[in-house]
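> need a structure here:
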Amino acid sequence: MYDTFKQQKWAIFWTIVVLVFCFTKMPDTESEGFFFKGFDKMTHMGFFFMLSILLFYGKIKYQHSFGFRTLTIFKVLLINILIGGGIELLQWKVFTYRSAEWWDFGCDMLGASMAIFSYVLLHKLNFNEKKV
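Numbers count the residues shown, from 1 in each chain. All right, here's what the predicted structure looks like:
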């Protein structure tokens, strides 16, 4: 169990970073000149894309191979659903100065789906490559 957490240290660190950013009071993105409309959604997508990539990276390091397993994809998706849904529930009930939106959760899942697609695509390319 300790070795699993040891290999997932970057994913755990990134989850903490995401939680800090999602629970920090941010300026109004509409009135600030630096941000643009949709910046929040793009940020959610990027956060969860990176989280999924780091979860896959930790799993690959743990099993010492690039083996493709459907159970790994399911676990990564489940972790993303729990974290993304948990963030939105906490923003709705606890951190009320932040808005909980279904669109944020949808962008979380879109980012995770992009990472899963990348993982599957890279595995297929690596698997079909001829060994010399």
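
> what are the ranges of the helices in this protein?
2-7, 9-23, 39-63, 70-93, 102-128 (DSSP state H).

> average model confidence for the shortest one?
Helix 2-7 comes out with an average pLDDT of 79.

> So for it, what gets flagged as buried?
Buried residues in helix 2-7, counted by 16 or more other Cβ atoms under 10 Å: Q7. (Each C-beta comes from the backbone N, C-alpha and C, glycine too.)

> same deal with the longest one?
Taking 16+ other Cβ under 10 Å as the basis for neighbour counts, the residues of helix 102-128 that come out buried are 104-105, 107-109, 111-116, 119, 123.

> Repeat that for the fourth one.
Neighbour-count burial for helix 70-93, with 16+ other Cβ under 10 Å as criterion, is recorded at 72-73, 76-77, 79-80, 83-84, 87-88, 90-91.

> For V94, see how far away the residue most central in space within the chain is.
What sits nearest the mean C-alpha location of the chain, by Cα atoms, centre = their mean, is F48, with 2.2 Å. Using Cβ to Cβ, to the nearest Å, F48 is found at 20 Å from V94.
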